[in-house]
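Engineer: Okay, sequence plus prediction incoming.
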Amino acid sequence: MDKALEVAKKLTEGTYTHDYPITVEAARSLGLNVSTEVPLGI
């Protein structure tokens, strides 16, 4: 639960804003499971 709280705080305290997107690297550094694979139909 502590990790979830840490990620929630990081995402809501102004580090990332609508004009500062979360990169794959940043999301992964937060411990989020991120995939860069996109289905062919997209």
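Structural biologist: That came in fine, so what should we check first?

Engineer: Could you tell me which helix of this protein is the longest one?
Structural biologist: Ordering each helix of the chain by length in residues (DSSP state H) puts helix 2-12 first.

Engineer: CA atoms only for that helix - export them in CSV, please.
Structural biologist: Listed next in CSV are the C-alpha coordinates belonging to helix 2-12 (Å, rounded to 0.1, in the frame of the first residue of the first chain):
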residue,chain,number,x,y,z
ASP,A,2,2.9,2.4,0.7
LYS,A,3,4.0,2.1,-3.0
ALA,A,4,0.5,3.0,-4.2
LEU,A,5,0.4,6.0,-2.0
GLU,A,6,3.9,7.1,-3.2
VAL,A,7,2.8,6.8,-6.8
ALA,A,8,-0.5,8.6,-6.2
LYS,A,9,1.3,11.5,-4.5
LYS,A,10,3.9,11.7,-7.4
LEU,A,11,1.1,11.8,-9.9
THR,A,12,-1.0,14.4,-8.1
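
Engineer: Show residues contacting it.
Structural biologist: Residues from elsewhere that reach helix 2-12, judged by CB atoms under 8 Å, 6 or more residues apart in numbering: Tyr16, Ile22, Leu30, Gly31, Leu32. (Each C-beta comes from the backbone N, C-alpha and C, glycine too.)

Engineer: tell me which residues of the helix or strand following it are tucked away?
Structural biologist: Following helix 2-12 in sequence order, the next helix or strand is helix 24-29 (DSSP states H and E). By 16 or more other CB atoms under 10 Å, the buried positions in helix 24-29 come out as Ala27.

Engineer: And the pLDDT at the residue nearest the centre of the chain?
Structural biologist: Nearest to the mean C-alpha position of the chain, counting by CA atoms, centre = their mean, stands Ala27 at 3.3 Å. pLDDT for Ala27: 93.

Engineer: Who are the contact partners of the closest residue to it other than its chain neighbours?
Structural biologist: Using CB to CB, 6 or more residues apart in numbering and skipping residues adjacent in sequence, the residue nearest Ala27 is Val34, 4.6 Å away. By CB under 8 Å, 6+ apart, Val34 lies in contact with Val24, Ala27, Arg28.

Engineer: Same question for the longest helix of the chain: list its buried residues.
Structural biologist: Using 16+ other CB under 10 Å as the test for burial, helix 2-12 gives Lys10.
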